[in-house]
Structures are given as C-alpha cells and as structure tokens.
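[1] could you work out the structure for the sequence below:
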Amino acid sequence: MKIVIYGATEIGCLLATEFFEDCDITLIDKEENRSEEFDKLDISFVSGSATDIGVLKRADIMGADVFIACSPLDEANIVACLTAKKISGVKTICFVTKKEYQNAMAQDKSNEYLGDFFIDNIIWPEELLTQELFRIVTVAHALDVENFADGKARLLEYKVKPTSSIVGKMVKDCGFTKDTIIVGIKREELLFIPNGLTEINADDKLIFMGTSRSLDILAGTFFHEKERVKSVAIIGGGNVGFMLAKNLEVMKIKSKIIEKNYERCEFLSQELNSTLVINGDGTDLKLLDEEEIGSCDVAISVTNNDERNLLCSLLVKQLGVKRVIARVSKVLNIPLFEKVGIDIAVSSKTSAINEVRNDLDEADVDILATVEQGEAEVLEIPVKSDFDGQFIKDIRFPAPAIIGVIQRRSRVIIPKGDTQIRVKDILIVFTKAEDVQKIKEHFKVM
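    Here you go, the predicted structure:
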C-alpha cells in the first residue's frame, strides 16, 4: 500500500512509524519542518505544501492508495484532501481541530451534488479522546473499556490490588464469573496471554472479555466496585473538558469543572446545565481543598499542557481522589505519568492513530480496539466455510491468541473448549499487535 502523508507533525511521525515497514510512505511538508525522527525511517520526503497540485504530483498522488492530511492547519488539511481526491480519487483522511470543520465536511460527504468531491474520513482527535474518557469514567475503576456487539459484550481492564483475594492464585482457581474470559495480563513492561495455570500477582493489569452483565458481576465481586461513579472533577474546560461534562450530565453524574480563563467559564456556565463551573487554577492546592476535590470518585486533568496535567493529577491524588486520569499530549510521556502514580494516562493522538489503523485495514478483518497503547489488538473476524463446525479447543493458532466472544446473529456467546464455530459467525479475537498478521493469515483473510 502506498500512503502519502501531509504534515511533519507528531501525528505524522507516529503514522509514518506505524506503517513504514509494511507500506510505501511519502511525507510532504516544508524542509524546515522535517525532524531527525523522520530521517530514521525508510520513507520518501517531498518538500512543499500538499495544497499545491504540483507537489501532490511529485509525491505520486496518482499512484497512492491513501492520502492523510495532518498538518497543524485545518484549512490546509481540508484543501489538500479535496485536491487529492479531485485529481486522483485517492482515499482521504483529514485531521481537524475544530468541531465545525468536522460537521461541515461530514455533511458535504453526504451531499448528492458533490460527486467525488468529498473527504472519506474526518478525524477530530479530541472527540475520540472524549469518547475514550467517557467509557473509562462510567465503569468504576476500569483502566480501559471497549464495547462490542452493540454493547452486549465488553473488554474491561483492571489493576489487581495487593489486598485482592486473587493474588497468588492461578487463573483456573479464581472463580471468575461464568461468561468471562481473561484474555491478557500486563505485568510491569510485559503483556502476555495467560492460561489456566498462570498465577496472578499484585499490580497485574488484567484484561477481561465477556458479556456486559457478567463483567458487571465480576467488577462487584473481585474489584469491590458495586456502586457506579457518582462524582467527577474535571480540570480544564477546553473542548475535551466541555464535551466530557455534557456526556456526564446525560448520565446524571455529579460533575464540576475548574477552568482558569474567566471568559471560558462564562461559556461553560451557559452551555452546561448541572455541572458546577469554578473559575480557578487547577494547580492551586488550597482551591482544590476548598472545593472538596478529594471527595470525588474520579478526577480528570485535560488541559493542553502535559506538565500542568501531571502537577494537577499529583495534587488531587494527594488529596485522596480514588482514581486519577490525565491527558497526555506527547505520547512518549504516557509511561512517565503511569510510573509516578497516575492511574490512567490517555492521549488524543493515540486514539487518532488507532482510528487510522482501523480505517486502513484492507482485509475483511476489522480492528475493533487496541489495548495498552497499541501492544494488543481486538480483531473482528468472519468465519468462512473452512472453519465451519470446528471446536474452539481444536483451533491451533500460529501465535498466542484468544477467541473472547462469538457473535452469532443477535446472540453473543462466550466460548469454551467444546464450543463449535459456524459459518457467518463473527469471532472477536484478542492477540498481541505483533501477531495480528499471523492470525489474519490463519483465517485466510489476507
């Protein structure tokens, strides 16, 4: 696959790093924006702006399969995508930073009078981040939450407390709920797929798949979270903070936002119905204490500054907040945040890269989710006739993988060894990212 990327930004670098081994990558941008990180990759570089037809032609846009615009300027990204689409019909993916652009271009795509003059996929990273935060917040103490099969099945990730009753037990002896499978364990820096004899350690991150009901019971039984999240504090009233607060209001979760800019506070007060808006500095320990932030179930710092988010998160952690989530702009900072005690660190860029990865998958396998910053993936695989009637226990994967869920028409089945798969079943498979291609090949979907 040939991919042309416009924008030598951090997202551009992450995309190039993600795909250069399997794809032919050409990067377009001004020479002064080219960093050493790009020189380490086996990619081509074309100097100029992708809004220029001549530059697009030099990048061989006519021979490209995908064009991705991720420069810092929304307008340039939109013009570049529309130009590329017009002259070559290439598949286009456009990054924007404003909701109005996302709305406008989505409407344009459906306009019958535009013909081929549209953008295939508009990505607003902050919206994807908000969706991820909302999933995490609404499931108490989960580190990650993904929904499958129209919400009938889920993936949940939990961290094992040292006092947990399952510490020191083998997986087969833990007595996890019936329709639940433990599909992965992250232990320190190692992610692996366990078996029944795997012993669970304190501070392990356990990744489960199962029916939504069984996972609710699992959470209440083993992770002491029978009550839902009732109160949330949000530090930062930008796009992410605002959208998250609106979503929490729908769930009737008591929320408060701390925002430093007074004019922004006025906007938030007008647009939000039940959220308490506080004009102040999230790094002010006295303010945090006076507003009783420590009594909240969850605190989320979502300003645009990593250092500020880290400081705010450490302060609310000190005040006794049960779970602290921080937004991280620089993806490389995520491990640092987690090492100093932040419960969950999330990045809009990571969410966006996952969206592109799924969009570019050419096989009839969909990547439903990525786990642990892309270390593992959840695949949706349709069963073909060659596998009709096979028992789960007889399937020999070429690499470690687990079938966590089978979707059979409107039913959701959590498989056991003697479960048979049928043609037209949809398998939801958990595997490490490095083994994805092997699993695809095994099911003859390449």
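
[2] Asp150: neighbouring residues, count only.
    Using other CB atoms under 10 Å, Asp150 has 9 neighbouring residues. To be clear about C-beta, it is placed using only N, CA and C from the backbone, and glycine gets the same treatment.

[3] now stretch 316-331: average pLDDT?
    Here stretch 316-331 scores 92 as its mean pLDDT.

[4] can you tell me what sits against the host helix or strand of Phe337?
    Counting by DSSP states H and E, the element that carries Phe337 is helix 334-339. Under the criterion CB atoms under 8 Å, 6 or more residues apart in numbering, residues 310, 313, 326, 328, 344-347, 350, 373 lie in contact with helix 334-339.

[5] quick one: that helix to chain centroid distance?
    Mean C-alpha position of helix 334-339 versus that of the full chain (CA atoms, centre = their mean, to the nearest Å) differs by 17 Å.

[6] returning to what we had before: between the contacts of helix 334-339, which has the most around it?
    That'd be Ala326 among the contacts of helix 334-339, by other CB under 10 Å, with 30 neighbours.

[7] where does that residue sit: helix, strand or coil?
    With DSSP: H, G, I helix; E, B strand; the rest coil as the basis, the three-state label of Ala326 is strand.

[8] equivalent analysis for Val229, please.
    Put simply, Val229 is coil when judged by three-state DSSP.

[9] so it touches Ala299, yeah?
    No: counting by CB atoms under 8 Å, Ala299 is not a contact partner of Val229; they are 11.3 Å apart.

[10] where in the stretch 1-150 of the chain is pLDDT low?
    106-117, 140 (pLDDT under 70).

[11] now do 90
    Counting by pLDDT under 90, the stretch 1-150 of the chain has low-confidence residues at 1, 17-23, 31-42, 89, 98-121, 128, 131-132, 134-150.

[12] thinking again about what came up before, next, format the contacts of helix 334-339 as CSV and append distance to Ser255 and secondary structure.
    Below are those laid out as CSV (distance: CB to CB, whole Å; DSSP: H, G, I helix; E, B strand; the rest coil):
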residue, distance to Ser255, secondary structure
Leu310, 22, helix
Ser313, 17, helix
Ala326, 17, strand
Val328, 21, coil
Ile344, 17, strand
Ala345, 21, strand
Val346, 18, strand
Ser347, 22, coil
Thr350, 24, helix
Gln373, 27, coil
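
[13] just give me the least confident of these.
    Within the contacts of helix 334-339, pLDDT is lowest for Gln373, at 77.

[14] how much space between that one and Ile421?
    31 Å (CB to CB, to the nearest Å).

[15] buried residues in stretch 241-250?
    By 16 or more other CB atoms under 10 Å, the buried positions in stretch 241-250 come out as 241-248.

[16] output that stretch as PDB, nothing but the C-alphas.
    Backbone C-alpha positions of stretch 241-250 (Å, rounded to 0.1, in the frame of the first residue of the first chain) are rendered in PDB as follows:
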ATOM      1  CA  GLY A 241     -13.500  19.000  29.300                       C
ATOM      2  CA  PHE A 242     -16.700  20.600  27.900                       C
ATOM      3  CA  MET A 243     -17.700  17.600  25.800                       C
ATOM      4  CA  LEU A 244     -17.000  15.200  28.700                       C
ATOM      5  CA  ALA A 245     -19.100  17.200  31.100                       C
ATOM      6  CA  LYS A 246     -22.000  17.200  28.700                       C
ATOM      7  CA  ASN A 247     -21.800  13.400  28.400                       C
ATOM      8  CA  LEU A 248     -21.600  13.000  32.200                       C
ATOM      9  CA  GLU A 249     -24.700  15.200  32.600                       C
ATOM     10  CA  VAL A 250     -26.700  12.800  30.400                       C
END
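
[17] which one of the contacts of helix 334-339 is nearest to Glu290?
    Ser313 (18.6 Å; CB to CB).

[18] I'd say that closest one and Ser301 touch.
    Yes: in this structure, Ser313 is within contact of Ser301 by CB under 8 Å, at 5.0 Å.

[19] mutual contacts of these two, please.
    Common neighbours of Ser313 and Ser301 (CB under 8 Å, 6+ apart) are 324-326.

[20] returning to what we had before: between Val229 and Ala299, who's got more neighbours?
    Taking neighbours as other CB under 10 Å, Val229 and Ala299 compare with Ala299 leading, 29 against 21.

[21] which SSE is the more buried one in?
    strand 298-301.

[22] pull the distance from that strand to the chain's centre.
    Counting by CA atoms, centre = their mean, strand 298-301 comes out at 18 Å from the chain centroid.

[23] give me the mean pLDDT for that strand.
    96.

[24] show me what it is packed against.
    The helices and strands touching strand 298-301, judged by 3 or more CB pairs under 8 Å, 6 or more residues apart in numbering; DSSP states H and E, are helix 125-137, strand 231-235, helix 306-318, strand 323-327.

[25] JSON lines for those, including distance to Ile25?
    Converted to JSON lines, the helices and strands packed on strand 298-301 look like this (distance: least, CB to CB, whole Å):
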{"stretch": "helix 125-137", "distance to Ile25": "20"}
{"stretch": "strand 231-235", "distance to Ile25": "38"}
{"stretch": "helix 306-318", "distance to Ile25": "27"}
{"stretch": "strand 323-327", "distance to Ile25": "28"}
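
[26] closest to Glu355 out of these?
    Judging these by CB to CB, what sits closest to Glu355 is helix 125-137, at 6.0 Å.

[27] any weak-confidence spans in the stretch 151-300 of the chain?
    Short version for the stretch 151-300 of the chain, where the test is pLDDT under 90: 151-156, 158-159, 161, 163-165, 175, 177-179, 188-189, 211-230, 250-252.

[28] where do the helices sit along it?
    Residue ranges of the helices in the stretch 151-300 of the chain, as given by DSSP state H, counting those that start in this stretch, are 212-222, 239-250, 262-271, 285-290.

[29] so Leu197 sits against Val171, correct?
    Yes: because the distance of 7.3 Å satisfies CB under 8 Å, Leu197 is recorded as touching Val171.

[30] so the two - more neighbours on which side?
    Using other CB under 10 Å as the criterion, Leu197 and Val171 rank with Val171 on top: 18 against 9.

[31] thought Pro194 was touching that one, still the case?
    Yes: with contacts counted by CB under 8 Å, Val171 reaches Pro194, the gap being 5.5 Å.

[32] pull up the overlap in contacts between the two.
    With CB under 8 Å, 6+ apart as the test, Val171 and Pro194 both reach Ile182.

[33] neighbouring contacts of the helix or strand hosting Ile78?
    Per DSSP H and E: Ile78 is located in helix 74-88. Residues from elsewhere that reach helix 74-88 (CB under 8 Å, 6+ apart): 4, 6-7, 49-51, 53, 56-57, 61-62, 64, 67, 69-71, 90, 92-98, 101, 105, 116-120.

[34] and it, C-alpha only, in CSV?
    Extracted C-alpha coordinates of helix 74-88, given in CSV (Å, rounded to 0.1, in the frame of the first residue of the first chain):
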residue,chain,number,x,y,z
ASP,A,74,-7.2,22.6,9.5
GLU,A,75,-7.9,24.6,6.3
ALA,A,76,-4.7,23.4,4.6
ASN,A,77,-5.7,19.8,5.5
ILE,A,78,-9.1,20.2,4.1
VAL,A,79,-8.0,21.8,0.8
ALA,A,80,-5.2,19.2,0.4
CYS,A,81,-7.6,16.3,0.8
LEU,A,82,-10.2,17.8,-1.5
THR,A,83,-7.5,18.5,-4.1
ALA,A,84,-6.0,15.0,-3.8
LYS,A,85,-9.5,13.4,-4.1
LYS,A,86,-10.3,15.6,-7.2
ILE,A,87,-7.2,14.8,-9.2
SER,A,88,-6.7,11.1,-8.3
